[in-house]
Each structure stands twice: as structure tokens, then as C-alpha cells.
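Q: turn this into a model:
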Amino acid sequence: MNTSTVNDVAGAQVWDEPGLGRRALNWLRGDPRAALSLVVLVVILGAALLAPWLAPHDPTAQNFDQMLNGPSAAHWLGTDDLGRDVFSRLMHGGANSLYAALLAVAVALVIGVPLGLIAGFVGGWTDTLISRVIDTFLSFPAIILAVAVTGAMGIGLTNAMFSVGLVFAPQIARLIRARTLVVRQELYVDAARCFGASPLRLLLRHVLPNAIQPVIVQSTLLLAVALLAEASLSFLGLGVQPPDVSWGAMIARGYMYMSIVPEQMYAPGLIIMITAVAFNALGESLRAALDPTIKGHS
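A: Sure thing, here's the model as predicted:
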């Protein structure tokens, strides 16, 4: 048996098995929660991307004759304090809010996955050093650290969510480090090492694919947290800046008139809740599907 044969046999089984698309479709058919969550997320994402063509009004167009109006045939969700259509702003704000969530999780993955892999695979003083850095970041309250990093980098949506990604990165690193410590002891990793596989090939071909499943699940859960973090930072004025709009910025704007027209906060708050619940539900379904210890999976 040569090295390439061992690599083929000992590689990541989850990615090498045929019919991945068909199994995903069967999974969605057998898990109504996952299917419904995916449909909800696709609808929300589609509405956000197509907002320039589907939104009934310009989200920045002001009409001082219709300030803080309730729902009507012309304005389905009413108007805000500057007479802008709330429904149109909700659609346009989805693009910024979803972009913010995806950016934060992407930054966390780019930083956390390599650090966790290296710490778990190399071990020794490297593991100790990286683990101490991770523990240091985790010791700070997440929102306080995000606010501090945003203040240092400058106010803006991209900077704010980059800071949130930095806050998430230690969680990803610690998770994949723990999984890597287990996977590196597996027999197929030892077999590949005996046949001359380089450390980089071991990491990329054998360790990473078999350690990434919990990170995939955690990423979907962090998307919901990132969505709420964007709302929090925009509420504090550190996120999206006018005239751009996001769901968090809409809540911040509506908060100023909460005692007069509290319904201004209902629409963005509700869409944030729905999106976060959909991300969480999808993450839970992925966890159940990828966990080999659950009955029905192997």
C-alpha cells in the first residue's frame, strides 16, 4: 500500500463520500426545522439583496409631512421620524446587518481556525502560549472588548464587525484546538505520518476535515450572536453611520421615540429575532446531523 492509497483511505470521510448533495437534500427532507430555517434565511437574504429593485420607496427619501405615521397602503410599516418608509429601510438594512454578521464570523474563522489547529497539533510551548493568549481575550467581557477595539480602529460598520470577529476568534480557536487534540491521536493520522505525509498535509488533509464539524455548527450560532452584536454597536453609534441603514440603527432611531410610538422598534426588533432564531435552529440541526453519537448517525 503506497502513500496515496493511505491518504485516500485515511482522509476526511465526511468530504470523500459520494452523494453529498443528495444526502444534504435528504437531511432537509427529514428535518423540517432545518428546512424551515433555511427557507427563512434564504427569503431574508434574497429580500436584502434585491432591495434596490423590490423596495417600494427610497430608504433615504424624507417626507416631513408624514413623520411617525402608522401603517398605511402607501407605507406598509409606517414611517420614521423623518418620514422615511420603514419597510423599505428594513429591506435595505438587511444587507448591512447580514454583511456585518458574515464578516464577524469570517474574521473569527480566519483567525481562530489556524490558531486552534496549530495549538492542538503542535502542542508543547506553542500550545501553552496560544492557550494563554486565548484565555486572556476570553477574560474580557465581549461587548466591552468590541467597543474598545472599535474605538481604537475607528467608527464604522466594517471596523465594528472586525472587532466582533476578534472577540469571536478565541472561541473558535479553543473549540478546534480541543477537537484537534483528539483527532491527532487517531490511527489514520499515525498511518499517514508513517507513510511520510508532511505536517502541513496531515493538518489539511486529515486533521482539519475531521475537526471542523463542531466549528461549522458554532459558526451558525455565532451568526446569530453577531447579528445581535451589530444591533448593539449600531445602537451605541459605533456601527453603520447615516445615511446608511441597518436593523440595529433602526432600533437606535426608534428608541428615541419609544414613549411616543414604540411600534417604531417592533419591525427591526422582530426581524432580528426571526433571523437569530433561524440561525440558531439551523445550527442545532447541523449539530444533530454531524454528531456521530446521536442515534441514527454513524
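Q: helices or strands next to the strand or helix carrying Pro209 in the packing?
A: Element membership for Pro209 (DSSP states H and E) is helix 208-211. Applying 3 or more CB pairs under 8 Å, 6 or more residues apart in numbering; DSSP states H and E, we find helix 208-211 packed against helix 13-16, helix 86-122, helix 157-183. In this view, the C-beta of every residue, glycine as well, is placed from N, C-alpha and C.
Q: how far does it sit from the chain's center?
A: Relative to its chain's centre, helix 208-211 lies at 19 Å (CA atoms, centre = their mean, to the nearest Å).
Q: closest one to Arg253 among the helices and strands packed on helix 208-211?
A: Among these, the nearest to Arg253 by CB to CB is helix 86-122 (9.1 Å).
Q: now the helix or strand just after the closest one - C-alpha only, PDB.
A: Once helix 86-122 ends, the next helix or strand along the chain (criterion: DSSP H and E) is helix 124-138. Listed next in PDB are the C-alpha coordinates belonging to helix 124-138 (Å, rounded to 0.1, in the frame of the first residue of the first chain):
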ATOM      1  CA  GLY A 124       4.200  21.900  23.900                       C
ATOM      2  CA  TRP A 125       5.100  25.600  24.500                       C
ATOM      3  CA  THR A 126       3.300  26.600  21.300                       C
ATOM      4  CA  ASP A 127       0.100  25.300  22.700                       C
ATOM      5  CA  THR A 128       0.700  26.900  26.100                       C
ATOM      6  CA  LEU A 129       1.500  30.300  24.500                       C
ATOM      7  CA  ILE A 130      -1.600  30.300  22.200                       C
ATOM      8  CA  SER A 131      -3.800  29.000  25.000                       C
ATOM      9  CA  ARG A 132      -2.700  31.800  27.300                       C
ATOM     10  CA  VAL A 133      -3.500  34.400  24.700                       C
ATOM     11  CA  ILE A 134      -6.900  32.800  24.100                       C
ATOM     12  CA  ASP A 135      -7.600  32.800  27.800                       C
ATOM     13  CA  THR A 136      -6.600  36.500  28.100                       C
ATOM     14  CA  PHE A 137      -9.100  37.500  25.400                       C
ATOM     15  CA  LEU A 138     -11.800  35.300  26.900                       C
END
